[in-house]
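Q: Next one to model:
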Amino acid sequence: MIASESATRQKLEQVVADEERYRGQLGSRDADLSATEAQLASRQADLVRAHARLASSKSELEAQKRQHAVLDSQELLLHADLNAKRASLMLSQTNLGYNANRRP
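A: Model (predicted):
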């Protein structure tokens, strides 16, 4: 009977030691899980910021495309104005030549 009590006591001590070890492992795993969840939350926040920057960049790109179109239109108008002024200059030079030849 003493041997039986000794074996039971050893088993109890082993079970208690195992339980403490398992509790320690559980605590460690819980800490790992918390750290991983925090990393996930951080990465999700990074992703949200990246999406916001992307949307902002797309908006800026569209604004620059519109500005480019405006500048292209202004360039065409300036070329047309320059051509009109050249034509006006040529007409004035022709009129000067005509008047110079017609003087008595």
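
Q: Just give me the neighbour total for residue 44.
A: By other Cβ atoms under 10 Å, 10 other residues sit near residue 44. (Glycine included, C-beta is placed from N, CA and C.)

Q: What of residue 85?
A: Neighbour number of residue 85 under other Cβ under 10 Å is 10.

Q: Ok, residue 87 next?
A: Residue 87 has 10 neighbours, counted by other Cβ under 10 Å.

Q: and whichever strand or helix holds it, what does it pack onto?
A: Per DSSP states H and E: residue 87 is located in helix 2-102. If contacts are counted by 3 or more Cβ pairs under 8 Å, 6 or more residues apart in numbering; DSSP states H and E, helix 2-102 sits against no helix or strand.

Q: Start at 882, not 1
A: Let's use 882 as the start, then, which means that last one is helix 883-983.

Q: mind checking how far it is from the chain centre?
A: Taking Cα atoms, centre = their mean, to the nearest Å, one finds the center of helix 883-983 at 1 Å from the center of the full chain.

Q: show me where pLDDT drops low in the protein?
A: Residue ranges of the chain with pLDDT under 70: 882-884, 981-985.

Q: and with 90 instead?
A: Within the chain, the ranges that satisfy pLDDT under 90 run 882-890, 893, 976-985.

Q: show me the contacts for residue 972.
A: Listed by Cβ atoms under 8 Å, 6 or more residues apart in numbering, the contact set of residue 972 is empty.

Q: measure it to residue 941 for me?
A: 46 Å (Cβ to Cβ, to the nearest Å).

Q: Next: residue 914.
A: Taken as Cβ to Cβ, the span from residue 914 to residue 941 is 40 Å.

Q: One more: residue 924?
A: Per Cβ to Cβ, residue 924 is found 25 Å from residue 941.
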